[in-house]
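Asker: Sequence first, predicted model second:
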Amino acid sequence: MRAVVDCLIPPDDYPGAYEAGVCDYLERLYQTDLASQLEFCAAGLDCVDTESRFRFATAFADLTPDLQSSILQAIETGNVLAPWPISPTQFFNLLVTTTAEGYYSDPQQGGNRGSISWEMTGFESRSI
Amino acid sequence: MENYDAIIVGTGAAGGIVACVLAEAGKQILLLERGAALSFDDVGRDQLRNQRLSVYGHNAGPELVGNPRVFVDPNGNSRTVKPHEPDYHNNAACLGGGTRVYGAQAWRFSPDDFRMATKYGIPEGSSLADWPFPYETLEPFYERAEWELGVAGADNENSQRSPRKRDYPLPPVPPGPQTIALTDGALRLGWQTSPVPLLINTKPYQARAACIACKYCVGFACPTDAKSGSHNTVIPRALATGNCDLVTGAIAERIEVDQRGNVSGVSYFVDSPQGTNRQTARSKFVIVSAGAIESARLLLNSTSAHHPSGLGNETDQVGRNLQGHLYPRAYGISPTKVFNGVGPGVTIATTEFNHDNAGIVGGGMLADDFIKPPIDFWYDSLPPDLPRWGLANKQFMRDNYTRVLHVRGPVQDIPNPEGRVTVDPGVRDKWGIPVARLSGTTHPATVIAAEFMRARGEDWLQASGCEKVWSSQPGLVLSGKQHQAGTCRMGIDPRASVTDEWGRVHSHDNLFVVDGSLHVTNGGFNPVLTIMALAFRSAEYIARTL
């Protein structure tokens, strides 16, 4: 999951999704509000790895960022090569959305550690 | 069992005012609110669970469990929806109703909004009609709402949109960098602009503090109580008289009638730690102020031998003409920063296009937006050709969050009888009360007007120097949501309306509806000040009559 979320929101001058806490956010979210989607999301993450091994005989986490992005692009558009028991586009949409939610919403959610995305965007964190 | 002069169901923009006027006139009032009196901390700052962005829940009621509605899509498929889902068309259910968490734009409708059918004719398939009185009749009550609750604003002398006799009690919010950019654009286009009127204290007013420019108006509660709603203005006044009993956590089940079919009181459920009690209170008058969806639901659920189709529904009008607003939105990247982090954030509007647009029925107001948290921006405001993930997406957020100019506005809804509230024959809430069933769409003429307004939004941004402009255009959907209105419209003809001009239900001397349900049309403006003005007018009448 770390590799996938860092591909969705990569580190640059500002931390990527993993360093900002998005994995913590997602783990909590899929045990609470999205508990009904936990299995779906876990199956999707497994499929990302299967897709990676299918294409490059390598685990997703061990690929270069460019190759990782090429796999996610294929999943986003539904052009998968491995067998997917779930809808790849639906899975991808859910993951993109929930990753952004964690990274860009309030730090109390857990995925915007130190208000880092608020500093990055300029929304800032004046605490009133 | 108590005997009251009047029972008021609902404490939102209208119910609070009715309670205040009647209690101050010495009437004994029972004020029922289904939700709770929420503190600032109760409402919180959760950016994913609030009335503006309700991904997993919201913050001002009703509870997600036990309060379903049924939504029927344009293909006729129905499904049960929860309060935080968009198709629920929620308005906050708490003390103060929507005013607890609204953005608080305080517009008067314009004179032409009261005479839509006369001005435009009636588009085929629509139920467009004139109000039973002109703007001038409501004008003193707009003024009263502005002064008794506190509106900050300043009219543009040149636009003469809605003539006023008295100035606003408070100065407008100060301009920001977005205001300067949009003022330049409007000058280039020859458009008049004005500050956006807000029910927000720009200076201390009526013993409440001034705005501290935090970024959390719409969807949240105000940290200094500078945002004026029913909960911190008229309801405290009502309670201070000693004439008003307020019961929160009380959901009205039905309006009761006596053996002759005359309205006699209200039965309601109250939740307490000891369990749920059903109670019946008696009164001379009943006033329904539960919002356009719940007010219609309550009338329709109040069936009896004398009134088999519900109260006031002899001509099948209750619940019809549900309307709100479509919101075209336009965005553009400004060459300079247009964000200074100073709330509320909405500062400038144009009313150039509310009427007299060739080939368009109505139109609407356009304004900049309340400060939009980054997650709302990510959901709502990104250009359609931007990848949704990866470095390009992140760097757009980094580079452009403070440079994107926003323009949006409510488009006058052209009502039709098929956009409506009924009660579902099968689904019930946790108290066993049949729930609201929402069906239909707005009229196609609304979509045409929205498309026209979307293009004007793009014009404004281009003239304001934006390098890249994009926009989003609403489709043919049911509108309602926080601006829900129209379901018990006023009128002279009982075959085409539910109440008279005072909100009195045609077939009953002592039953009133007072809230957005009365709106014959809903203007091209945020409707709350009109709801408040109507409430003052009806409440004065009721106080004289009771």
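Answerer: Right, received. Where do you want to start? A quick note: this is a predicted structure, and the numbers were derived from the prediction, not measured.

Asker: ok, which residues in the stretch 401-546 of chain B are in contact with chain A?
Answerer: B:Tyr401, B:Thr402 (C-beta under 8 Å from any C-beta of the partner chain). For the C-beta atoms, the positions are set from N, CA and C on the backbone; glycine is no exception.

Asker: 10 Å instead, please
Answerer: Taking C-beta under 10 Å from any C-beta of the partner chain as the contact definition, the stretch 401-546 of chain B meets chain A at B:Tyr401, B:Thr402, B:Arg403.

Asker: Make CSV out of the residues you listed and add neighbour count.
Answerer: Listed next are these as CSV, based on neighbours: other C-beta atoms under 10 Å in any protein chain shown:
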residue, neighbour count
B:Tyr401, 23
B:Thr402, 19
B:Arg403, 18
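
Asker: got a markdown table for the residues you listed, with distance to B:Thr11 and secondary structure too?
Answerer: Formatted as a markdown table, these follow (distance: C-beta to C-beta, whole Å; DSSP: H, G, I helix; E, B strand; the rest coil):
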| residue | distance to B:Thr11 | secondary structure |
| --- | --- | --- |
| B:Tyr401 | 37 | coil |
| B:Thr402 | 38 | coil |
| B:Arg403 | 41 | coil |
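
Asker: The host helix or strand of A:Gln73 and chain B, are they touching?
Answerer: Using DSSP states H and E, A:Gln73 maps to helix A:65-77. Yes: Helix A:65-77 is in contact with chain B by C-beta under 10 Å from any C-beta, via A:Pro65, A:Ser69, A:Leu72, A:Gln73, A:Glu76.

Asker: among the residues you listed, which ones are buried?
Answerer: A:Ser69, A:Leu72, A:Glu76 (16 or more other C-beta atoms under 10 Å in any protein chain shown).

Asker: Can you report how many residues lie near B:Gly432?
Answerer: 9 (other C-beta atoms under 10 Å in any protein chain shown).

Asker: so it touches B:Glu253, yeah?
Answerer: Yes: counting by C-beta atoms under 10 Å, B:Glu253 is a contact partner of B:Gly432 at 8.3 Å.

Asker: Could you pull up the residues touching residue 77?
Answerer: If you meant another chain, say so; for now it's chain A. A:Pro88, A:Thr89, A:Phe92 (C-beta atoms under 10 Å, 6 or more residues apart in numbering or on different chains).

Asker: Correction: the question concerned chain B.
Answerer: B:Phe71.

Asker: Single out the residue in the stretch 51-200 of chain B that lies closest to chain A.
Answerer: B:Tyr56 (4.1 Å; C-beta to the nearest C-beta).

Asker: secondary structure element for that residue?
Answerer: Using DSSP H and E, no helix or strand contains B:Tyr56.

Asker: For it, grab the count of nearby residues.
Answerer: Neighbours around B:Tyr56, by other C-beta under 10 Å: 15.

Asker: Isn't it up against A:Tyr30?
Answerer: No: with contact defined as C-beta under 10 Å, B:Tyr56 does not reach A:Tyr30; the gap is 11.7 Å.
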